[in-house]
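Chemist: sequence? don't have it. structure:
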């Protein structure tokens, strides 16, 4: 079995369009949440979003003609993948064969903005006005498809779609594929661009989004005043690679993926299981594969959506998986308090945050957490970042449909 390392990462997020800016924003407690500007949200109950700011496809090699044929979620995936590949130093045909490089990039929803735009055209102007690019722009596998084309990746290809757990599952499945020898390297992650009236209306009406009037209170995971999540957008991509291949080519190793858990609640389409049995098992699976020892210090980037049900259930899941004493020693935060909920991109972006926490010895905070919920009684690193050198990091994602995912990471081991 191969050990699997990380040799490149890339992000485009509401708090930074590269990893350096993203990380500085997280540890300084900067919020990317504000009034929605992409459309008129004045008549909606949920008025806040976590939008990308100043994203320009041209910066990432997409001219206007190429960009117009891509839904924003695919543009974001290409932007994050470019950063990750440049950092990794992988070059197809030079230091990796095309058939040895794979792409596992998912999306929770796919081309939602394209779907809305073309539906409007159909209703207002007739079927003949629907764009010939409608289907290839909309379908959720196109982030994977375009990234594979960009880098000539002819190896394993998978477009995971498990709602909010999407990119955690993409990373975990890529980890297992490389560990078992089915690929040498895989670009893994997720992308989302669903901030549009139809999606905001749908999430609001299923009681998922925060309707807070104050943006500072819109995304406050584990706080007793929380009322829902804030939709975010963007992408995160990691280059996972077999350790032997990375070392043979002299690549910088950023960290190691060492555990993965994947389970389903099999309980309800939107609500988590109240006893968090399957979520706890996903965490336990990741810990076991990572060979975690109870005396090790652990940082957890929680799913932490800020919905009333999720945060209590996740607290139970962590406690059940680790045992009460170890769970109380763990240091936990939800970076959704800063980025909003990036849906299918959330897991990958949060995995990168967990990796950088391990590397830097600085743990990002849960901003806005001033009135902790008594039922969320673990150490959720309120308000300000904390210096702590941890042995292991976890990134947890819990999606609609009961999908649970957890990835475990370690620093580089010699």
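Modeler: Structure's in. What do you need? In this text the structure is predicted, and so the values were computed from the model without any measurement.
Chemist: So which residues of the stretch 201-350 of the chain form helices?
Modeler: Under the criterion DSSP state H, counting those that start in this stretch, the stretch 201-350 of the chain contains helices at 243-248, 277-289, 308-322, 324-329, 336-339, 346-360.
Chemist: Pick the most deeply packed of these.
Modeler: Highest mean neighbour count among the helices of the stretch 201-350 of the chain (mean count of other CB atoms under 10 Å): helix 336-339, with a mean of 29. Using the backbone N, CA and C atoms, a C-beta is placed for each residue, glycine as well.
Chemist: quick one: contacts of it?
Modeler: Residues outside helix 336-339 that contact it (CB atoms under 8 Å, 6 or more residues apart in numbering) are 13-15, 25-26, 29-33, 50, 219-221, 229-230, 232, 234, 303-306, 346, 349-350, 364-369.
Chemist: Same check on stretch 204-220?
Modeler: With CB under 8 Å, 6+ apart as the test, stretch 204-220 has contacts from 31, 33-35, 44-46, 48, 50, 200, 203, 225-231, 270, 306-307, 336-338, 340-341, 368-369.
Chemist: Can you show me the strands along the chain?
Modeler: 4-12, 34-35, 48-49, 101-106, 157-158, 185-192, 234-242, 255-264, 298-301, 331-333, 362-363, 386-387, 392-399, 403-410 (DSSP state E).
Chemist: list the helices and strands the fifth one packs on?
Modeler: Using 3 or more CB pairs under 8 Å, 6 or more residues apart in numbering; DSSP states H and E as the contact definition, the elements that strand 157-158 packs against are strand 101-106, helix 142-151, helix 166-179.
Chemist: Out of the ones you listed, which is closest to residue 134?
Modeler: helix 142-151 (11.7 Å; CB to CB).
Chemist: What is that closest one packed up against?
Modeler: helix 72-88, strand 101-106, strand 157-158, strand 185-192.
Chemist: what about it, distance to the chain center?
Modeler: With CA atoms, centre = their mean, to the nearest Å as the basis, helix 142-151 stands 18 Å off its chain's centre.
Chemist: what's the answer for stretch 218-235, then?
Modeler: Distance, centroid of stretch 218-235 to centroid of chain: 14 Å (CA atoms, centre = their mean).
Chemist: in stretch 143-154, what's buried?
Modeler: 143-148, 150-151, 153 (16 or more other CB atoms under 10 Å).
Chemist: Redo the residues you listed as a markdown table? Include pLDDT and distance to residue 124.
Modeler: Formatted as a markdown table, these follow (pLDDT from 0 to 100; distance: CB to CB, whole Å):
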| residue | pLDDT | distance to residue 124 |
| --- | --- | --- |
| 143 | 97 | 29 |
| 144 | 98 | 32 |
| 145 | 98 | 30 |
| 146 | 97 | 29 |
| 147 | 98 | 33 |
| 148 | 98 | 35 |
| 150 | 97 | 34 |
| 151 | 98 | 39 |
| 153 | 98 | 39 |
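Chemist: Kindly indicate which of these lies nearest residue 264.
Modeler: Closest to residue 264 out of the buried residues of stretch 143-154 is residue 144 (22.5 Å), distances taken as CB to CB.
Chemist: Test my guess that that closest one contacts residue 158.
Modeler: Yes - in this structure, residue 144 is within contact of residue 158 by CB atoms under 8 Å, at 6.9 Å.
Chemist: Give me the common contacts of the two.
Modeler: Common neighbours of residue 144 and residue 158 (CB under 8 Å, 6+ apart) are 103-104, 106.
Chemist: sorry, back to before: mind putting the helices and strands packed on strand 157-158 into a markdown table with distance to residue 121?
Modeler: Below are these laid out as a markdown table (distance: least, CB to CB, whole Å):
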| stretch | distance to residue 121 |
| --- | --- |
| strand 101-106 | 27 |
| helix 142-151 | 19 |
| helix 166-179 | 28 |
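Chemist: Mean neighbour count, these: which tops it?
Modeler: Highest mean neighbour count among those (mean count of other CB under 10 Å): strand 101-106, with a mean of 30.
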